[in-house]
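**Q** My questions concern the predicted model and sequence given below.
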Amino acid sequence: MELLLGGADPFLKRLKAAAERGDGEAASQLGTMYYSGCQVFEDRDEAERWFILAAEHGCYYMPLILYESLQENSPEEAVRWLRIPADQGDPLSCRILGMRYYHGAGVDQDQARAARLFRTAAEQGDTESASYLSGMYLKGIGVEQNFVEAAKLCRAAAEQGDVPSAYNYALLLHHGRGLSQSIPAAIKWYRIAAQKGHAQSAFHLAQIYEAGEGVERDRAASVRWLKTAAELGHTRSALILGLVYHLAHGVQRDDRAAEQYLRQAAQGGEPEAETLLQEFGFEPLASNQDN
């Protein structure tokens, strides 16, 4: 049988004294002991008290471990422990707790609180939190819609390599929302996002070059970006490429390529693609699948 330490036990007294002097590791050890009932009677409230003290001195790891172990089967209990480092401003904990408040997972949904938590994390350089918060400002979720603030957050996250933020920043530049319109700058950020696998960014580049919007019209560049988007699974781009190759719009007619792209579009759920396959004399998708 495991020996339980009484309050007068010298080891326990020394550990508590160290914790109360600001030793985060000692406080964390006490919290673990009371949480697990190791050498002391199990007491979750006492565990929480010591974990809070540990967190105040920068020692967060045990509450985060408890959160990870409990989040799947006991989400409400998991959140109890996650709050401890989040209340001390730990950026990872703030982001995770922010996502829970955003979606109402294990807590009552509170998107305004989610925004505050994302803000705390973003101000410490957490790129994902800045990205989430920028999206909230773009759509007016949990905060008042504010394109200026969204642009600042998008740029900060994009400069740290966040692809969705690069795309959103390009959109804001493209349409002049929250900052001055600049097609060349929009092209720069669309290109960055597209080169990292963002299909919608490649599609926007194709549209810009096809229309000659703020740049010299360049159908060859438009087709290249359509191909990039289609390779990344963008079905609308595949549909347009089917038309481009069948109608020889800036390229040599190539019905084999046209059929290939139209099939991709049809398989991806573009309703016009199936109709065009039949209109252009290609084998319908349905009959091809039957074979």
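**A** Structure's in. What do you need? Note that the coordinates shown come from a computational prediction; the quantities given were computed from them, not determined experimentally.
**Q** residue nearest the centroid of this protein?
**A** E128 (5.8 Å; C-alpha atoms, centre = their mean).
**Q** Helix, strand, or coil at that residue?
**A** helix (DSSP: H, G, I helix; E, B strand; the rest coil).
**Q** give me every residue that touches the nearest residue to it once chain neighbours are set aside.
**A** Leaving aside its sequence neighbours, E128 sits nearest to R95 (C-beta to C-beta, 6 or more residues apart in numbering; 5.9 Å). (Glycine included, C-beta is placed from N, CA and C.) Contacts for R95 (C-beta atoms under 8 Å, 6 or more residues apart in numbering) come out as 117-118, 121, 126, 128-129, 132.
**Q** ranges for the helices of the stretch 51-200 of the chain?
**A** 61-70, 75-87, 91-103, 111-122, 127-139, 147-159, 163-175, 183-195, 199-211 (DSSP state H, counting those that start in this stretch).
**Q** Which residue ranges make up each domain of this protein?
**A** By the assignment in automatic domain parsing, the chain contains the domains 1-88, 197-291.
**Q** Return the distance of the closest residue to H204 other than its chain neighbours relative to G22.
**A** Leaving aside its sequence neighbours, H204 sits nearest to Y190 (C-beta to C-beta, 6+ apart; 5.2 Å). According to C-beta to C-beta, to the nearest Å, Y190 and G22 sit 51 Å apart.
**Q** Give me the three-state assignment for G31.
**A** helix.
**Q** now swap in the one 4 residues further on and tell me
**A** In the three-state summary, Y35 is assigned as helix, counting by three-state DSSP.
**Q** so it sits right up against D45, yeah?
**A** No: counting by C-beta atoms under 8 Å, Y35 stays clear of D45, with 10.3 Å between them.
**Q** Show me which of those two is the more surrounded one.
**A** When Y35 and D45 are compared for neighbours, Y35 comes out ahead with 21 against 7, by other C-beta atoms under 10 Å.
**Q** rewinding a little: nearest to L30, out of the helices of the stretch 51-200 of the chain?
**A** helix 61-70 (10.2 Å; C-beta to C-beta).
**Q** Might one say that R119 is in contact with L133?
**A** Yes: between R119 and L133 a contact is recorded at 6.1 Å, counting by C-beta under 8 Å.
**Q** The residue nearest to H204 reaches V163, doesn't it?
**A** No: counting by C-beta under 8 Å, Y190 does not reach V163; the two are 11.1 Å apart.
**Q** Just want to know which of those two has more residues nearby.
**A** The neighbour comparison of Y190 against V163 (other C-beta under 10 Å) goes to Y190, with 29 against 18.
**Q** before we move on, back to that, of R119 and L133, who's got more company?
**A** Taking other C-beta under 10 Å, R119 and L133 do not tie; L133 has more neighbours (31 against 18).
**Q** which one is the more buried one nearest to, not counting chain neighbours?
**A** For L133, ignoring the flanking residues on the chain, the nearest one in space by C-beta to C-beta, 6+ apart is F118 at 4.1 Å.
**Q** these two touch, right, that neighbour and G98?
**A** Yes: using C-beta under 8 Å, F118 makes contact with G98 at a distance of 4.6 Å.
**Q** list residues touching both of those two?
**A** 129, 132.
**Q** on that earlier part again, who are the contact partners of the residue nearest to L133?
**A** Each residue near F118 by C-beta under 8 Å, 6+ apart is listed here: 94-95, 98, 129-130, 132-133, 136.
**Q** Name the nearest of those residues relative to K196.
**A** A130 (17.0 Å).
**Q** Who are the contact partners of that closest one?
**A** Applying C-beta under 8 Å, 6+ apart, we find A130 in contact with 118, 122, 153, 156-157, 160, 162, 165.
**Q** Can you tell me how far it is from I192?
**A** Separation of A130 from I192 (C-beta to C-beta): 16 Å.
**Q** Equivalent analysis for G58, please.
**A** In terms of C-beta to C-beta, G58 sits 36 Å off from I192.
**Q** of the two, who's got more company?
**A** I192 (19 against 10).
**Q** Return the distance of the more buried one relative to A158.
**A** Per C-beta to C-beta, I192 is found 7 Å from A158.
**Q** what do these two both touch?
**A** Common neighbours of I192 and A158 (C-beta under 8 Å, 6+ apart) are A166.
**Q** Would you mind listing where the stretch 151-291 of the chain has pLDDT under the threshold?
**A** 286-291 (pLDDT under 70).
**Q** Thank you kindly, that will do.
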